[in-house]
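Asks: give me a 3D structure for the following:
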Amino acid sequence: MNALICRNCGAGLEAERIDTSLGVVTCSHCGSLHEIPNELPADSPGTKADTPYVKPAPKDVALPSRFNVQRAANSMEVSWPAGGLFHGLVLSLIAAGFAHVALNSGMLFLLAGSAGILYFALVRAFNKHRIRVDSARLQVTQGPFPWPGSRKLDASDIEQLYATEHETRTTNENRDNLRNRVRKYYKLTANTRNNERITILGGLGDPHQALWLEREIERLLGIVDRQVAGEMRTS
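Replies: Numbers count the residues shown, from 1 in each chain. Down below sits the predicted model:
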């Protein structure tokens, strides 16, 4: 049976990296995401030295529920909330708590922290991520309140897009046990014709958001998977 390779770097996709609950498999070499094919190879990569490797064919990804998509001729705009009113309310209460302590204790420096948290509350409550793509450029913004992360790329400079998985680990300690918490998040990255890697968008909580954006932007810009140097090919 054929085994599968990463469309981005050409490394073999390992069976233990399959997440059936999310319907994705992650490349252990570069972190790229792939949907699980409808039919998986019987042998995992690396079980046989002469096993040919094949790229998993790109599949259509269902539109993520939070995405609002507007399409026109040769262009697309995708927007979705940066957070929600509940997140903003919780952060506003925290900001009010800081302000209360500052005014009643004389620790006025806490007012700066309160103002920062309040601004972040407004961002989480009302901001939207927005990606605009047409034949000329790809633009990423967040508003109406300014926030870091804006990007603008000429469409002609984009050679390849790919989604990657990342992890952050935190340790919670108490008297009884030591617990590690793993949080996964996802990025959409572009390879440019100048051999640069540029993060288009980070901090996505759902792999299907990154995969959907990868597929739809590549389709609109006419980008196709290319052979990676050193990649093993089918005979």
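Asks: for the helix or strand encompassing residue 141, give me every contacting residue.
Replies: Residue 141 is located in strand 137-143, with elements delineated by DSSP states H and E. Identification of contacts with strand 137-143 by C-beta atoms under 8 Å, 6 or more residues apart in numbering yields 82, 123, 127-133, 149-155, 158, 190, 200-201, 217, 221. Quick note: C-beta positions are derived from backbone N, CA and C, even for glycine.
Asks: 7 Å instead?
Replies: The contact list for strand 137-143 (C-beta atoms under 7 Å, 6 or more residues apart in numbering) reads 82, 127-132, 149-155, 158, 200-201, 217.
Asks: moving C-terminal of that strand, what's the next helix or strand?
Replies: strand 151-154.
Asks: quick one: that following strand to chain centroid distance?
Replies: The gap between where strand 151-154 is centred and where its chain is centred comes out at 17 Å by C-alpha atoms, centre = their mean, to the nearest Å.
Asks: buried residues in the helix or strand following that strand?
Replies: Proceeding C-terminally, strand 151-154 gives way to strand 158-173 as the next helix or strand, assigned by DSSP H and E. Of the residues in strand 158-173, those buried by neighbour count under the rule 16 or more other C-beta atoms under 10 Å are 158, 160-165.
Asks: my guess is residue 208 contacts residue 64. True?
Replies: Yes: counting by C-beta atoms under 7 Å, residue 208 does reach residue 64; the two are 5.6 Å apart.
Asks: ok, those two, which is more surrounded?
Replies: A side-by-side neighbour count of residue 208 and residue 64, using other C-beta atoms under 10 Å, places residue 208 first with 21 against 18.
Asks: quick one: pLDDT of that one?
Replies: Each residue has a pLDDT score; the one for residue 208 is 88.
Asks: from the contacts of strand 137-143, list the buried ones, please.
Replies: 82, 127, 129-132, 153, 155, 158, 200-201, 217.
Asks: for this structure, what helix or strand is lowest in average pLDDT?
Replies: Lowest mean confidence among the helices and strands of the chain (mean pLDDT, DSSP states H and E): strand 53-54, at a mean of 46.
Asks: list the buried ones in the biggest helix by length in the chain?
Replies: Looking across the chain with DSSP state H, the single longest helix is helix 85-105. Residues 87-88, 91-92, 94-95, 98-99, 102 are the ones in helix 85-105 that count as buried (16+ other C-beta under 10 Å).
Asks: repeat that for stretch 17-25.
Replies: The neighbour-count criterion (16+ other C-beta under 10 Å) identifies 18, 22, 24-25 as the buried residues of stretch 17-25.
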